[in-house]
Structures are given as C-alpha cells and as structure tokens.
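# Curious how this folds, go ahead:
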Amino acid sequence: MRHLQLFLRRKQIAISGYRKLKAGLDMKQKIINIEQSEYWNEKSGPKWVKNEDALNERLSILTNELFSRAKIKESDKVLDIGCGGGDTTFRVSKLLADGGHVVGADISHTLLNHAKSNFSNIDKMNFVHCDAQNYSFDENYFDKVISRFGVMFFENPSEAFKNILGSMQTNGSLNFVCWADMMENEFITEGMDVITKYTQKVLPEVTKDPGPFAFSDREYVNEVLQSAGFKNINIDKIYTSISTKDSAEQDAELLMGIGPRARILSEENLSGEKMSIIKSEIIQLCEKRQKGKEITYKACLNYVSANK
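Here you go, the predicted structure:
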C-alpha cells in the first residue's frame with residue numbers, strides 16, 4: 001500500500017510539473033500584440049487577400065530591392081517575418097536547394113490560410129502563425145531573416161528583435177525593407193487632397209506606434225536594433241517607384257480601398273453620390289500619372305541590414 005501511495009504521489013507531482021511546463025510554453029506562444037492581430041485578421045487581412053495580385057504587382061520593384069541585397073544562398077535557413085500571403089516566402093523557396101529551408105511567419109490566420117492554400121505541398125517551406133515578439137523559434141537556427149514591410153507592427157520592437165536575434169546563427173543577417181517618410185511615398189498620399197476636400201479629414205500624424213511608418217525614422221530603427229543586440233547595422237534610404245498596368249479606374253478603386261484613405265472613408269459614412277464624386281476625381285489623378293500602359297508613383301524605402 002505504501003509503495004502504491006508513493007507511486008501515485010510521484011505521478012501526481014509529475015503531472016503537476018507537466019501542467020506548469022505546458023502553461024509556461026502556452027504563455028510563451030501567446031499572441032501579445034492583440035491589436036495588430038485583430039487588425040490583420042479582421043480588417044486588413046481580408047483586404048490584402050482580395051487585392052493580393054494588385055498589391056504584389058505594385059510592390060514588385062520594392063521586393064526586388066530586398067532580394068537583390070539579401071543575397072540568399074541555396075543552403076540558407078531563412079525566416080520571413082510578416083510573410084502575409086506567402087509571396088516572398090515562395091520566392092525564397094525557389095532560391096533554395098537541398099538543405100535550405102524557409103519559414104513564413106505571420107500574426108494573421110487570415111493571411112496564413114491564404115498562403116497555405118496558394119503554396120501547399122511545396123518543398124523547403126512552411127508557415128507558422130505566431131507573434132514574433134515571443135514565439136519560441138529554434139535557437140541559433142536561421143542564416144537569414146528577411147521582411148517586406150512586416151516588422152513595423154511589433155508591440156515592443158526591441159523585445160521582438162531580441163527574440164528574432166536569438167533564432168539566428170552567429171553572423172546571421174537581418175534584411176528588411178520598410179517605408180521611409182510618408183510624404184515621399186505618393187502611393188500612400190495620392191487622393192488624400194480629394195478626400196480632405198469632402199470630409200475635412202487629413203492624413204494621420206506619423207508616430208512610432210505600430211503602423212506602416214513606425215520605422216520611417218532611421219535613427220530610431222538604429223536604436224531599436226542596437227538595444228536588441230544587433231551589430232553592423234546599416235540603413236540605406238532608397239528612392240524608387242511603384243507602378244501598375246491597371247486602368248486608372250482600377251487604380252483609384254485600390255487607392256480608396258486600402259490605407260489611411262480607406263479608414264477615413266469608412267468612418268465618414270458618405271453618401272453614394274459623394275463617394276462617386278471622390279472616385280471620379282481620384283481617377284483623374286491616376287490618369288495624369290498614366291504614361292503608356294503604366295501608372296507610376298514615386299516611392300521611398302529604408303533598406304535595413306544587420307548581423308548577429
């Protein structure tokens with residue numbers, strides 16, 4: 001009887017210990033950035049899925065900047081932060097040979113489900129739903145970490161990059177592109193004068209809170225990466241462009257459907273007549289940009305690289 005009681009007691013202790021360990025792991029995997037999780041699952045995620053082809057076309061030049069500088073090797077283990085619909089993750093996979101692997105990470109189930117449906121059963125790649133700030137990535141594993149406009153939304157950037165640093169091999173490299181000054185990116189600002197005229201609302205002030213332009217200040221980005229423990233930090237400001245072969249009407253519809261313009265229009269609850277007037281005037285702006293079969297916008301990026 002005594003032996004049985006001792007056995008049961010040890011089993012109880014073991015179960016209790018397992019539950020505590022599991023609870024600790026669950027906490028470590030928990031989504032911290034609730035606000036961005038809700039935004040990218042419920043609001044922006046569905047819009048991205050709907051407009052994915054149009055957005056990837058417009059971002060293609062900017063994506064090329066990232067890949068030309070990141071210099072991914074065939075055998076690299078790569079982490080793609082904020083992979084969204086998986087376009088950049090898939091592009092990495094095509095550069096890899098045996099031994100290479102890429103993980104696409106995103107906080108949005110909506111976008112990851114779309115990515116998995118687009119890129120299922122492809123060798124050398126997989127997707128993980130996580131908050132990069134606290135997710136338990138394999139330690140000292142990745143040769144390269146990349147991101148196309150996916151790192152500006154962290155709840156605590158320093159802690160997130162510290163966690164990412166721990167997943168990288170010694171001398172592994174971090175490479176990402178983010179938006180520079182909002183006013184130097186015409187694709188973001190085009191049409192706002194029209195919307196302001198009819199709503200009296202203006203572009204929101206740029207802050208360091210999670211958002212598209214949180215990393216527009218290069219000194220701030222440098223401070224964040226230094227505090228996380230990165231070395232050899234380099235930040236280049238790149239002047240480039242965004243272009244599309246869509247019609248002026250298609251382009252105007254996209255401009256009105258994403259970013260700060262869409263938020264203002266959704267909040268104002270404008271009449272159908274006024275929305276038609278706004279759309280017509282934005283179409284005219286798009287037509288003025290049209291040369292041949294392309295509509296082009298000036299764009300400005302920060303290209304950031306660093307090492308562990």
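
# Walking through the stretch 201-308 of the chain, point out its helices one by one.
Using DSSP state H, counting those that start in this stretch, the helices assigned to the stretch 201-308 of the chain run over residues 218-228, 248-257, 259-268, 272-289.

# so how far is the first one off the chain centroid?
Spelled out, that is helix 218-228. Averaging C-alpha coordinates over helix 218-228 and over its chain gives two centres that are 18 Å apart (CA atoms, centre = their mean, to the nearest Å).

# avg pLDDT for it?
Predicted confidence along helix 218-228 averages 98 (mean pLDDT).

# cool, the last one as well?
Computed over helix 272-289, the mean pLDDT rounds to 97.

# Same check on the second one?
Here the mean pLDDT over helix 248-257 is 97, rounded to a whole number.

# That one - contacts with which helices or strands?
When contacts are defined as 3 or more CB pairs under 8 Å, 6 or more residues apart in numbering; DSSP states H and E, helix 248-257 packs onto helix 52-70, helix 259-268, helix 272-289. In short, each C-beta sits where N, CA and C put it, glycine included.

# again, only this time at 6 Å
Other elements packing on helix 248-257 under the criterion 3 or more CB pairs under 6 Å, 6 or more residues apart in numbering; DSSP states H and E are helix 272-289.

# so can I have TSV of the helices of the stretch 201-308 of the chain showing mean neighbour count and distance to Met183?
Converted to TSV, the helices of the stretch 201-308 of the chain look like this (neighbours: other CB atoms under 10 Å; distance: least, CB to CB, whole Å):
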stretch	mean neighbour count	distance to Met183
helix 218-228	17	15
helix 248-257	20	16
helix 259-268	17	12
helix 272-289	15	16
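
# want to try CSV for these, with distance to Ile61 as columns?
Compiled in CSV, the helices of the stretch 201-308 of the chain are given as follows (distance: least, CB to CB, whole Å):
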stretch, distance to Ile61
helix 218-228, 21
helix 248-257, 16
helix 259-268, 18
helix 272-289, 15
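
# right, and the ones you listed - which one's nearest Tyr198?
helix 272-289 (5.7 Å; CB to CB).

# which other residues reach that closest one?
Contacts with helix 272-289, where a contact means CB atoms under 6 Å, 6 or more residues apart in numbering, come from 191, 194, 198, 248-249, 251-252, 295.

# Cool, thanks, signing off.
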